[in-house]
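>>> predicted model, plus sequence, below.
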Amino acid sequence: MIFPRRDAGGKMKCGRLSNFLIFRQALASPRDLYLRQGGLITHGSQQALGLVIRLLAGPGAKAVIEAPTYFNMIPLLRLNGMSIETVPMRKNGLDIPIS
């Protein structure tokens, strides 16, 4: 694997993963990374969102999300048995009705 890095002049260069000792050590012991440094490695944003949803909410919970939203958010929430309410997003932020 190759990861981008900056040279002394600030230009992007690629460095070999073998040069990233801290990253290599974290991958060697992901449990320690999570417990000591508060990190968690996932296969992507979809997996990370799924984990957070399952940890913080469950079937029957209600999710209030902005509209438009991340295209996979609604199916992910429904898959986890949640009800969904959308709040329109306007130029200046969320359009939350006050009653």
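Perfect, I can see it now. Residues are numbered from 1 along each chain as shown.

>>> now Leu77: which helix or strand?
helix 73-79 (DSSP states H and E).

>>> buried ones in that helix?
Of the residues in helix 73-79, Met73, Ile74, Leu77 count as buried by neighbour count, 16 or more other C-beta atoms under 10 Å. For glycine as for every other residue, the C-beta is placed from the backbone atoms N, C-alpha and C.

>>> surely the first one meets Ile65?
Yes: with contact defined as C-beta atoms under 8 Å, Met73 counts as touching Ile65 (6.0 Å).

>>> now do the end-to-end distance for stretch 69-84.
Distance across stretch 69-84, first residue to last, is 12 Å (C-alpha to C-alpha, to the nearest Å).

>>> state the mean pLDDT of the helix holding Leu77.
Confidence for helix 73-79, expressed as mean pLDDT, is 93.

>>> using CSV, write down the CA coordinates of the lengthiest helix in the chain.
Counting residues, the longest helix found in the chain (DSSP state H) is helix 45-56. Extracted in CSV, the C-alpha atoms of helix 45-56 (Å, rounded to 0.1, in the frame of the first residue of the first chain):
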residue,chain,number,x,y,z
SER,A,45,-17.9,5.2,5.7
GLN,A,46,-20.9,2.8,5.2
GLN,A,47,-19.5,0.3,7.7
ALA,A,48,-18.7,3.1,10.1
LEU,A,49,-22.2,4.6,9.9
GLY,A,50,-23.7,1.2,10.4
LEU,A,51,-21.6,0.6,13.6
VAL,A,52,-22.5,4.0,15.0
ILE,A,53,-26.3,3.5,14.3
ARG,A,54,-26.2,0.0,16.0
LEU,A,55,-24.3,1.4,19.0
LEU,A,56,-26.4,4.5,19.6
